[in-house]
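[1] Pasted the sequence and its predicted model underneath.
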Amino acid sequence: MPERTNRDPAPGFVAFDTLLAEALREQTRRELAALPGPRQLAQLYPDTSAWDKRLKKALAARRRAAARAARAARKTALPRRRLPLRRLAAIAAVFVLLMAGTLAASAEVRYAVRRALLQWGSAELRLTYETEGQPAPADLRLPAGFTDHYVPDGFVLDEENSYTIESDFYHKYTDERDNGIGYSVTCYCICSEGQVELFDNEHTTYKSIDLNGVEAMLGTSQNFDGSTSYYLLYEKDEIHYSIHGNVELETILKVASGIK
């Protein structure tokens, strides 16, 4: 039998470094085992992209509602005045809407919308209207029963973020499956006091289209989740129309055709 020297480890002896490494490995295994799995992580930290989109839309709806309320207050609280539209026209890209005989200059025309003024900024498209004549109170009320009559299957009105008054309305619709898909409809009587409508221009491409005989602007933008949003805006019979949403373009056009 060979002799054991003092440098040889005794039978059953384990080096300290080996024990330390094993202890660290065991601690790591326990910490990893205590971590939540993929299913638990999904429950604790769900995908918030749909909520982010809904929040952006809700904030935009609030801003539009505040603008509508401010305009309504100005109509009753402030004397009528004209914005310096000529200065806007000097820096705006102008396109003419509905230059038919009903809007042609004549002695019989008391109030009419002459044209839409577009000011293209780096991040937003600013839309105002140039009018002719002084409107009577009846000119600033939507026709009786005027609303968006077509609502796609599966969409419901978000009553909390929608409103309707005599001169305008804003209706927001969401998919009842709560998948972040929705659209909004805005209509208002165009007055002679500088109403301003803002649309995204930083990530949106616009083109002119024919909408049932009316010249309209159609904006298209790609969302971060790969979906497409549309902005459709036009003027008809002294009423401004705009439809915005991340639904199919065919749906946007059907909604527009159903507003009467």
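    That came through fine.

[2] ok, now which ones touch L157?
    151, 171-173 (C-beta atoms under 8 Å, 6 or more residues apart in numbering). Any C-beta I mention is one placed from the backbone N, CA and C, and that applies to glycine too.

[3] I would like the residues contacting stretch 198-215, please.
    Taking C-beta under 8 Å, 6+ apart as the rule, stretch 198-215 contacts 95-98, 120-127, 216-222, 229, 231-236, 242, 244, 253, 256-257.

[4] Would you check which pair of the contacts of L157 lies furthest apart?
    Of all pairs drawn from the contacts of L157, the widest gap by C-beta to C-beta lies between V151 and K172 and measures 11.6 Å.

[5] These two: which is more packed in?
    K172 (25 against 16; other C-beta atoms under 10 Å).

[6] Residues contacting stretch 131-148, please?
    Residues outside stretch 131-148 that contact it (C-beta under 8 Å, 6+ apart) are 75, 80, 105, 109-114, 164, 166-169, 171, 185, 187-192, 238-239, 255, 258-260.

[7] ignore the last one, stretch 240-252
    For stretch 240-252, contacts defined as C-beta under 8 Å, 6+ apart pick out 53, 129, 152, 173, 180-190, 195, 197, 199, 223, 227-235, 255-256, 259.

[8] Could you give me the PyMOL syntax to select whichever of those residues are buried?
    Command for PyMOL, covering only those of the contacts of stretch 240-252 found buried under the criterion 16 or more other C-beta atoms under 10 Å:
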select buried, resi 53+129+173+180+181+182+183+184+185+186+187+188+189+190+195+197+199+229+230+231+232+233+234+235+255+256+259
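
[9] Tell me which stretches of the stretch 51-200 of the chain form strands.
    When assigned using DSSP state E, counting those that start in this stretch, the strands of the stretch 51-200 of the chain occupy the ranges 93-95, 111-120, 124-133, 155-157, 163-164, 168-175, 182-189, 197-200.

[10] Quick check: buried residues in the third one?
    Of all the residues in strand 124-133, those buried under the rule 16+ other C-beta under 10 Å are 125-131.

[11] just to revisit the earlier point, just the buried ones from the contacts of stretch 131-148?
    Buried members of the contacts of stretch 131-148, counted by 16+ other C-beta under 10 Å: 111-114, 167-169, 171, 185, 187-192, 238-239, 255, 259.
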